[in-house]
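Chemist: Starting from these lines, generate the structure:
(chains A and B)
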There are 2 protein chains.
Amino acid sequence: MSNPKQLSVQALQWNGHSLNVLDQRLLPETITYDEYRDAAGVTEAIASMRVRGAPAIGIAAAYGVVLSAIQHYPANDWQERVATDIAMLAASRPTAVNLFWALDKMRQQLSVDNPEPIAALSQLAQQIHQDDIAANHAMGERGADILGDAKAVLTHCNAGALATGGYGTALGVIRSAHQRGHLQNVYADETRPWLQGARLTVWELAQDGIPATLIADSAAAWLMKSGKIDWIIVGADRITANGDVANKIGTYSLAVLAKQHGVKVMVAAPSSTFDFSLETGDSIEIEERNPKELLAECYLDPDSLVNAWNPVFDVTPAELISAIVTERGVVLDPGKHGVRSLQC
Amino acid sequence: MSNPKQLSVQALQWNGHSLNVLDQRLLPETITYDEYRDAAGVTEAIASMRVRGAPAIGIAAAYGVVLSAIQHYPANDWQERVATDIAMLAASRPTAVNLFWALDKMRQQLSVDNPEPIAALSQLAQQIHQDDIAANHAMGERGADILGDAKAVLTHCNAGALATGGYGTALGVIRSAHQRGHLQNVYADETRPWLQGARLTVWELAQDGIPATLIADSAAAWLMKSGKIDWIIVGADRITANGDVANKIGTYSLAVLAKQHGVKVMVAAPSSTFDFSLETGDSIEIEERNPKELLAECYLDPDSLVNAWNPVFDVTPAELISAIVTERGVVLDPGKHGVRSLQC
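Modeler: Prediction:
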């Protein structure tokens, strides 16, 4: 295990011929990178949540396409084979649109006549990766501007370096705000059933020396009532044209509670998260994972007859969001304006 | 392990000379009763949450006083020694008032000049136990009347047979409503960090053949938005004169969310839960347990430097409650009326 203090956390490491994926299910105890050499492996890494977070799975999928091209080029039908792998990667998870956005970009490049197609695809995947990091830093600054001198915030799930190319969306804003010296405490909720808040966010913040306090998900309302937080800051898995936001289950709950307590809600997400083909969040497919996963996380026999309902995302209406922050700009009160102003 | 299908679930079994306490931390896998022969043991069983649930810890404490009397009678200072043990029992947990209510009754009996004091104390403790079961059945019928033909409800934590003398408060209402044939599904949330919903409530309901569906705590708002539930039904640890209700952390969150979604909230609790000495819930001491307990439940090193905030109760304002159900009667809209009408 590397010394965490020395580590610049990276969910994904591209080696030119393989993709190293940090197995986030083992954090924080164990830092293990698994090496993937084909698209099937990357698909499994996404579906099993070894890598998770909307931007990160988009980047991982882009590298998966490169691995597919390396495997199949220069067979006569290599482009068809890569297209088949793209379809496989696209079926790994349904909700985060960054996945489909990245695969679309790769598919377009695949159709370009190029004497060095692998180099071109590899360059594009790396560009997607680098652009995401740059977007995070830009969002960090914009978000910190909005936070002003806010002293304490709550974040949900993990929208940090681990969920992105690096630096983070919500945690990028928190990092930037902390560097400015105002932010004194970051509350992170557990984020059941996978505990991304407890096991990823708290760990990431500790790496950077940012004071973090873990709470149970159901303590968030009581925290708000105590007046201890000014903002809730989250990432997003998909944002529709009207400003509705799909994100980790529990985000909608926090946003409703925030409204009732005068706490503001910021969503930080790169433009790859926007789905302008959908008018509202009602059209977003919400992933429901196997109920057995929820039972297992409660130490219950997954093969028992206990029933469970395990949606892993929800949709927060734009009306409950105070600010959507992207690398292209900010929309305040998206419930009034939608987010079409951010469309290219 | 007994066959659960054969088992009438009892948190507490009194043998005349010792108290058997079901270790609820081991459910549902293991049904183990630990035998206690003194007040110190019972105090530890309450503090460590082997037995939990406001009415159940009141009953356990009453039996603890009997054990103290058995141990110390007829020493010259036996009453002083028992009074010391009563103070120890009272310090086991701070929020549930049933504990103090039961100890007050035992203290009064202790001061009565009686030729057979142990028999008198034992009789009183058993009366407290039996009265609680009878109260649960009465509440079950009253609550089921109010539910009418509601098809689905959500319950939080465990307010069942395990939390009481038997039958349950919230689960008593659910049992009675299910017997009437209307109730088709009971959602139970996990209730972090101790998972009383996942590990106790779902198990209790399964014993009775009542269809139960487990959800993550943070999925409750999304469940309400889907229109899947009509009522939220919970127990209580303390109810003040204005109708404010202290209960398991997360209850306040659910009540705020319910209001926003047109879902009604029922609190079922015996009269021993009422604290008419407090005007509002602001005066209730809210237990905060060791942050290390929360870390451990997230598989994190309890001795790490990670900070956590671990309140285990919250207070729901009367305004957010549709009905408070007791064995003495029902108060609808307690936010308008308070609950003094239920005072003897």
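
Chemist: how about the helices of the stretch 51-200 of chain A, start to end?
Modeler: Taking DSSP state H, counting those that start in this stretch as the criterion, the stretch 51-200 of chain A carries its helices at A:54-72, A:78-90, A:97-110, A:117-147, A:170-179, A:196.

Chemist: contacting residues around the residue of the stretch 1-150 of chain A found nearest chain B?
Modeler: Using C-beta to the nearest C-beta, the single residue of the stretch 1-150 of chain A nearest to chain B is residue A:28, 7.3 Å away. All C-beta spots, glycine's among them, are computed from the backbone N, C-alpha and C. Taking C-beta atoms under 8 Å, 6 or more residues apart in numbering or on different chains, we find residue A:28 in contact with A:4, A:199-200, A:202-203, B:300.

Chemist: one step back: list just the one of the helices of the stretch 51-200 of chain A that sits closest to residue A:309.
Modeler: Of all these, helix A:196 sits nearest to residue A:309, with 19.3 Å by C-beta to C-beta.

Chemist: Tell me if the helix or strand following that closest one is near chain B.
Modeler: Heading C-terminal from helix A:196, the first helix or strand you meet, by DSSP states H and E, is helix A:202-207. Yes: shown here: helix A:202-207 in contact with chain B (C-beta under 8 Å from any C-beta of the partner chain) through A:202, A:206.

Chemist: What is helix A:202-207 packed up against?
Modeler: Applying 3 or more C-beta pairs under 8 Å, 6 or more residues apart in numbering or on different chains; DSSP states H and E, one finds that helix A:202-207 contacts helix A:170-179, strand A:185-189, strand A:212-215.

Chemist: Contacts for it next, please.
Modeler: For helix A:202-207, contacts defined as C-beta under 8 Å, 6+ apart pick out A:4-5, A:7, A:9, A:27-28, A:158, A:160-162, A:168, A:171, A:174, A:186, A:188, A:211-212, A:214, B:300, B:305-306.

Chemist: coming back round to it: so which of the helices and strands packed on helix A:202-207 gets nearest residue B:261?
Modeler: When the helices and strands packed on helix A:202-207 are compared by C-beta to C-beta, strand A:185-189 sits nearest residue B:261, at 20.6 Å.

Chemist: Parallel or antiparallel, list what pairs with that closest one.
Modeler: The pairing partners recorded for strand A:185-189 under DSSP bridges are strand A:152-155 (parallel), strand A:212-215 (parallel).

Chemist: which parts of the first one are buried?
Modeler: Burial within strand A:152-155, assessed by neighbour count using 16 or more other C-beta atoms under 10 Å in any protein chain shown, is assigned to A:152-155.

Chemist: Just name the closest of the residues you listed to residue B:119, please.
Modeler: Of all the buried residues of strand A:152-155, residue B:119 sits closest to residue A:154, with 55.6 Å by C-beta to C-beta.

Chemist: Distance check, the closest one against chain B.
Modeler: 11 Å (C-beta to the nearest C-beta, to the nearest Å).

Chemist: looking at it, that residue is touching residue A:223, isn't it?
Modeler: Yes: shown here, residue A:154 and residue A:223 form a contact pair, counting by C-beta atoms under 8 Å, at 6.7 Å.

Chemist: between those two, what contacts are shared?
Modeler: By C-beta under 8 Å, 6+ apart, residue A:154 and residue A:223 have these common neighbours: A:187, A:215, A:229.

Chemist: Pull the number of nearby residues for the first one.
Modeler: Residues near residue A:187, counting by other C-beta atoms under 10 Å in any protein chain shown, number 26.

Chemist: Now it. Nearest residue, chain neighbours left out?
Modeler: Closest residue in space to residue A:187, ignoring its immediate chain neighbours: residue A:154 at 4.3 Å, by C-beta to C-beta, 6 or more residues apart in numbering or on different chains.

Chemist: Just list the residues touching that neighbour, thanks.
Modeler: Residues counted as contacts of residue A:154 (C-beta under 8 Å, 6+ apart) are A:186-189, A:215, A:220, A:223-224, A:229, A:231-233, A:254, A:263.

Chemist: which of those residues has the most neighbours?
Modeler: Going by other C-beta under 10 Å, residue A:188 tops the contacts of residue A:154 with 31 neighbours.

Chemist: So what sits opposite that one in the bridge?
Modeler: residue A:155, residue A:214.

Chemist: For residue B:205, see how far away it is.
Modeler: Going from residue A:188 to residue B:205 by C-beta to C-beta, to the nearest Å gives 32 Å.
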